[in-house]
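Visitor: show me how the following folds:
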Amino acid sequence: MEADLPVKEIMTRDVVKGEESELLFDATKKMMEKNVGSIVVVNKGVPVGIVTERDILEKVVAKNIRSKDVRLGDIMSSPLISISPSKSVREAVREMVQKGIRRLPVVDEGKLVGIVTDTDLLSVSLDLNEVLMSLIRVGPESESQITQGRCDRCGELVEELLELDGLLLCEGCFESMR
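Guide: I've put the predicted structure just below:
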């Protein structure tokens, strides 16, 4: 996964939203129509919480409460854990792991602009891996070449990387380790 990629590049922009006063029954219909596992709760357009499938199972279904008797504000997880669109994918992953969450709303100056999910992170990771694998040219030697990226040793962004002992290296690091 390209860890330095900004969150805004992978986030889902069409976020399902609901007001605190909205009935869970109606909110779950929206979630099902959009095929999503969460709804971001807003108060006068400002994101204040999130209701996930897990919240619904633990706080409503497991307690045998009717969804027509529950408002989103009653069961939302709050305060909302969010991230800025300019933060890196690495920071998003770290936040999600540390907080034990699978969805991270993206908020810019108090406005909900997207959401990043574990599925988004997995998709970008798999896509980048496939691209990298297609760029690697394996020759008869034990060296492989990739066109562009960061050196595993010095971290410099270069146009051409060379592989040596499982590391992708810039020419200078490659020569010094050879």
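Visitor: so for the residue nearest to residue 25 when sequence neighbours are not counted, what's the pLDDT?
Guide: In this structure, residue 25 finds its nearest non-sequential neighbour in residue 67, 4.1 Å apart by C-beta to C-beta, 6 or more residues apart in numbering. Glycine gets a C-beta too; all of them are placed from N, C-alpha and C. Among the per-residue scores, residue 67 shows a pLDDT of 91.
Visitor: what's the spacing between the closest residue to residue 88 other than its chain neighbours and residue 27?
Guide: Of all residues not flanking residue 88 in the chain, residue 4 sits nearest, at 5.2 Å (C-beta to C-beta, 6+ apart). Counting by C-beta to C-beta, to the nearest Å, the separation of residue 4 from residue 27 is 35 Å.
Visitor: those two: which is more packed in?
Guide: Using other C-beta atoms under 10 Å as the criterion, residue 4 and residue 27 rank with residue 27 on top: 24 against 11.
Visitor: where in this structure is pLDDT low?
Guide: 1-3, 125-148 (pLDDT under 70).
Visitor: spatially central residue for it, please.
Guide: Nearest to the mean C-alpha position of the chain, by C-alpha atoms, centre = their mean, lies residue 116 at 3.7 Å.
Visitor: for that one, which three-state class applies?
Guide: Here residue 116 is recorded as strand under DSSP: H, G, I helix; E, B strand; the rest coil.
Visitor: right, and it touches residue 7 too?
Guide: Yes - counting by C-beta atoms under 8 Å, residue 116 touches residue 7, with 5.6 Å between them.
Visitor: what's the overlap in contacts for those two?
Guide: Counting by C-beta atoms under 8 Å, 6 or more residues apart in numbering, the residues touching both residue 116 and residue 7 are 83, 92, 106.
Visitor: I'm done for today, thanks for sticking with me.
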